[in-house]
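>>> I would like to see how this sequence folds:
(one chain, ligands or ions: 1)
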Amino acid sequence: MSRRRQSRWAFWKFVHKRNPIECWPWFGALSADGHPRFGAEGTQWWAHRLAYESAHGEIGPWNFNNEVMHLCGNARCCNPAHLKLGTRAENLAQEGAAGKLSRIGTRNGNSRLSIEQVEAIRKDTRSSRVVAAEYGLEKTQVLRIRRGAQWKYME
Ligand SMILES: [Zn+2]
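As a prediction, this is how the structure comes out:
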């Protein structure tokens, strides 16, 4: 079967599926602005939109009121649990929140956390107390990061 004729749902072969709370990175083609792009059925698809549809049903073509946002701030992520349907305005606000997330550590003194460090904290199987000490955070901050609820605490 030629690549052009393959099903859009073949996009999953370029998604590194990890556990349900982690990001599932896309390792296929990217658009100029870094979003997952997949050619199938004679056209181009956004892989993260297909990932969202696989969990929630069809959402139709993109428009400014129909945009799949990355709650994790990782444009290459295709974990449906990290995706939310929203508007362009909500998406821009979300990206601002993701930028603030990377500065969460500054509230507690000397540490700064990158998105990668936040992911590492979520993946770390050690106790929150041990992880907090390692990153110079309060245990409650680690618990918030692990719950994925830290957005609510950022101004
Ligand atoms: Zn993600």
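>>> near the ion, which residues of the protein show up?
The chain has residues 23, 72, 74, 77, 79, 82 near the ion, with proximity defined as C-beta under 5 Å from the ion. From N, CA and C alone the C-beta is placed, and that goes for glycine too.
>>> can I get the CA coordinates of the least confident helix or strand in the chain by mean pLDDT in CSV?
Within the chain, confidence by mean pLDDT, DSSP states H and E is lowest for helix 88-101 among all helices and strands, at a mean of 76. Taking C-alpha atoms only, helix 88-101 is exported to CSV below (Å, rounded to 0.1, in the frame of the first residue of the first chain):
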residue,chain,number,x,y,z
ARG,A,88,-7.2,30.0,19.9
ALA,A,89,-7.6,32.5,22.8
GLU,A,90,-7.6,29.6,25.3
ASN,A,91,-4.6,28.1,23.6
LEU,A,92,-2.6,31.2,23.8
ALA,A,93,-3.5,31.6,27.5
GLN,A,94,-2.5,28.0,28.0
GLU,A,95,0.9,28.6,26.3
GLY,A,96,1.4,31.5,28.7
ALA,A,97,0.7,29.2,31.6
ALA,A,98,3.1,26.7,30.3
GLY,A,99,5.8,29.4,30.2
LYS,A,100,5.0,30.3,33.8
LEU,A,101,5.2,26.6,34.7
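>>> let's number from 662 now, not from 1
Taking 662 as the first residue, the last one we looked at is helix 749-762.
>>> check which helices and strands it is in contact with.
strand 728-731, helix 776-784 (3 or more C-beta pairs under 8 Å, 6 or more residues apart in numbering; DSSP states H and E).
>>> looking at the longest one now, give me its mean pLDDT.
Per-residue pLDDT values over helix 776-784 give a mean of 80.
>>> quick one, the helix or strand just after that helix and helix 776-784 angle?
Going down the chain from helix 776-784, the next helix or strand is helix 789-796, by DSSP states H and E. Helix 789-796 and helix 776-784 are oriented at 160 degrees to each other (axes from the mean of the first three to the mean of the last three C-alpha atoms, to 10 degrees).
>>> list the buried residues of helix 789-796.
Residues of helix 789-796 classed as buried: 789, 792-793, 796 (neighbour count, 16 or more other C-beta atoms under 10 Å).
>>> restricting to C-alpha, output that helix in PDB.
What follows is helix 789-796 as a C-alpha-only set of coordinates in PDB (Å, rounded to 0.1, in the frame of the first residue of the first chain):
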ATOM      1  CA  SER A 789       7.800  13.400  46.900                       C
ATOM      2  CA  ARG A 790       9.900  14.400  49.900                       C
ATOM      3  CA  VAL A 791      13.100  13.000  48.300                       C
ATOM      4  CA  VAL A 792      12.300  14.500  44.900                       C
ATOM      5  CA  ALA A 793      11.500  17.900  46.600                       C
ATOM      6  CA  ALA A 794      14.900  17.900  48.300                       C
ATOM      7  CA  GLU A 795      16.700  17.100  45.100                       C
ATOM      8  CA  TYR A 796      15.000  20.000  43.100                       C
END
